[in-house]
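Q: Model the structure of this input:
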Amino acid sequence: MDDNLRVQHPSELLEFLSVPSYLSSDGIESAEPSTPAPTYQFPKQSPFAIRYSIDSIYHGLPAAVPADKAIARNVRAATKTEHRMTLTEALHLYYKAIGWSILLSLSIVMEGFDITLITSFFAFPSFKRRYGSLTSDGSYEISSPWQSALTNGALTGEVIGLLFNGCLTDRFGNRRTMMAALIFLAAAIFLAFFANSLGMLLASQVLCGIPWGIFQTLSTTYAAECMPVSLRAYLTSNINLCWLIGQVISVSILRSLTNNSSQWAYRIPFSLQWIWIVPILFGVLFAPESPWWLIRHERPADARRSIIRLTSESAKSDFSVDEAIALMQHTNQVEKNLKVGTSYLACFQGSDLRRTEIVCMVWMTQTICGCMIGYATYFYVQAGLSTDKAFSMSIAMYGSGILGLIFSWLLMKWFGRRTLYLWGIALIGAVLLAAGLVGIRQETSRISWALGTLIVVMTFVYDCTIGPVCYSLVAEIPATRLRVKTVVLGRVAYNVLSLATNVLLSHFLNPGSWNWKGKTCFVWAGATALVWIWCWLRLPEPKGLTYMELDILFENRAPAKDFKRIQKRLANAGYFDLQMPGRRDDIRWHEEIPKLN
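A: Predicted coordinates for the structure are as follows:
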């Protein structure tokens, strides 16, 4: 086919300009030009031969382009490589990076195992006899205040760990922060293992929560920074799979110990937490650092070595390390020129405020739509199932979640992030509404099994859609210079909301409190409807976009519903019709940007 008639990928039209003489090397105007600003014209083979004034260009994002033409060529080539790389090629090239990312993600398997223990212990006979109070029907129960305290104690510790992580990872890197967190957790587990009161358990949950908070975001940002565009969604959503694996292991172990009436029935699961730490710590010791982190710390030579360690030498026929480094440096420089800072305050300034809002709301949506899953075992018991059957149902629930997550990898490829998120929220809301209607009926064995089945269905839908997609979105949306801190703030928002939902759920489900049982689902069905409206209005589609392209779209306030369409128009115009980003009337999407044929 004639090259002039071939449909070009938007990245092929990227052009980079030299900095005019009246601009300094960092793109900041040093003096007024004495002559009219020159103009730029697309190459003749481009179907969009449109002229733009460099004077207006330098008020927009391209002010950050490097003066070195060789670097410009490398950036353009790296962008094309990112877009053109197929999944098979990426798997072959980045299999080492996948292995290192999975290693760090094992900390999430460990966290999923740990966190599930406490909420599952609320339905565990020997634990309730040791720490619970005798009720009027002769059974033992952990009171609602203590249930809330134990679950929220871990969340409080996680918030502390998250805020520490935002500073520690930016300063010391992923490897050293992860190793310090693992060593701290090993010490904190002693308190849980030897606890002889609910107060000691609460203290242990707070202390263990600090490294758990670090794990929650560090593995996500590491995966986002070590993967190409074609693998980004799979390795970030893999974090959710790790959660599920940890949860199903935890529930399976507790299921095998339900008939053990000694103290070891709950002390053994606590002790098993130590087993995870040693192999993860040993592996992280030799892991390569994130090349994006090294670029942000002005260490391009180390970043180059890191990329070499993350990629396969035998698969580099169309891949250039120098081009990849140039793209990272250019993206970092673009964000510097946009005055993207590196502090928590910077997350609430300019276009980064919108990105912070999206990350926070996406993660809070997980809490609203999936809060019943974390309390599933206790919910099953209160709905009328025996303890053995409740734990068996929980295992089936987490197993369905694993299957759903694997299926989500296909769905993300077909539908992207935004569409999948919207459909997932809608379907979960429908299932919750159905569960609430079932919960109105008089409690019988059939009603109990129906409620249990609906929660399993909801878990499958959740892990097909919003469960894994959340991790992809929160890793892709932030600016690269603020990724760690923005993801941290999103997870803090998630934990703060979880504090409230845990208090509510303990009252909704506890027979000594409100005892709503299945009717609890009505509350979350209504909340799900509200977050669906927000997602429809505010959630953009980042599928297939490089981090620099996302910077451009956010800086120019692209509407969420039209994100992908506007990206194509901007790309086909060469990204050079961007004007003053602070003025909405200067961004004439429909007038200045040529439509695709």
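
Q: How about D388: what's its closest non-neighbour residue?
A: Computed as CB to CB, 6 or more residues apart in numbering, the closest residue to D388 that is not its neighbour in sequence is T258, at 5.9 Å. Where you see a C-beta, it was placed from the backbone N, CA and C, and this is true even at glycine.

Q: The one you found against K128, yeah?
A: No. Counting by CB atoms under 8 Å, T258 does not reach K128; the two are 11.5 Å apart.

Q: Can you give me the pLDDT of the residue nearest to D388?
A: Looking at T258, its pLDDT reads 74.

Q: Contact partners for it?
A: F124, P125, A265, T387, D388, F391 (CB atoms under 8 Å, 6 or more residues apart in numbering).

Q: can you do 7 Å?
A: If a contact means CB atoms under 7 Å, 6 or more residues apart in numbering, then T258 has P125, T387, D388, F391 as its contacts.

Q: Just the buried residues of those residues.
A: P125, T387, F391 (16 or more other CB atoms under 10 Å).

Q: Out of these, name the ones that lie in helices.
A: P125, T387, F391 (DSSP state H).

Q: Need the worst-confidence member of the residues you listed.
A: Lowest pLDDT among those: T387, 75.

Q: Touching, that residue and A123? I think so.
A: Yes. Under the criterion of CB atoms under 7 Å, T387 makes contact with A123 at 6.1 Å.

Q: Now do the shared contacts for these two.
A: By CB under 7 Å, 6+ apart, the residues touching both T387 and A123 are V381.

Q: would you list the buried ones among the contacts of T258 in TSV and tack on distance to T444?
A: Shown next, in TSV, are those (distance: CB to CB, whole Å):
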residue	distance to T444
P125	24
T387	19
F391	21
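
Q: ok, of those, which one's closest to V431?
A: For the buried ones among the contacts of T258, the residue nearest V431 by CB to CB is F391; the value is 21.7 Å.

Q: Contacts only, for the closest one.
A: By CB under 7 Å, 6+ apart, the residues touching F391 are V251, L254, R255, T258, T377.

Q: now those residues: which count as buried?
A: V251, L254, R255, T258, T377.

Q: out of those residues, who's nearest S400?
A: For these, the nearest to S400 is V251 (12.8 Å; CB to CB).

Q: just checking, that closest one touches T116?
A: Yes. Contact status for V251 versus T116: in contact at 6.3 Å, counting by CB under 7 Å.

Q: quick one: Y95 from S101, how far?
A: Y95 is 11 Å from S101, where distance means CB to CB, to the nearest Å.

Q: So between those two, which is more surrounded?
A: S101 (26 against 13; other CB atoms under 10 Å).

Q: Is the more buried one located within a helix, as I assumed?
A: Yes. S101 sits within a helix when classified using DSSP: H, G, I helix; E, B strand; the rest coil.

Q: The chain: strands as residue ranges?
A: 39-41, 51-53, 133-134, 140-141 (DSSP state E).

Q: Of those strands, which shows the lowest average pLDDT?
A: Taking the mean pLDDT of the strands of the chain, strand 51-53 comes last: a mean of 30.

Q: ok, the spatially most central residue of the chain to M179 distance?
A: Closest to where the C-alpha atoms of the chain average out (CA atoms, centre = their mean) is Y471, at 2.4 Å. Separation of Y471 from M179 (CB to CB): 23 Å.

Q: Does M179 touch L281 like I think?
A: Yes. If you go by CB under 7 Å, M179 and L281 touch, sitting 6.1 Å apart.

Q: list the contacts for G157?
A: G157 neighbours (CB under 7 Å, 6+ apart): Q205, V206, L207, C208, G209, I210, W212, G213.

Q: Not counting residues beside it along the chain, what's closest to the last one?
A: Yep, that's G213 we're talking about. Counting by CB to CB, 6+ apart, the residue nearest G213 is G161, at 2.6 Å.
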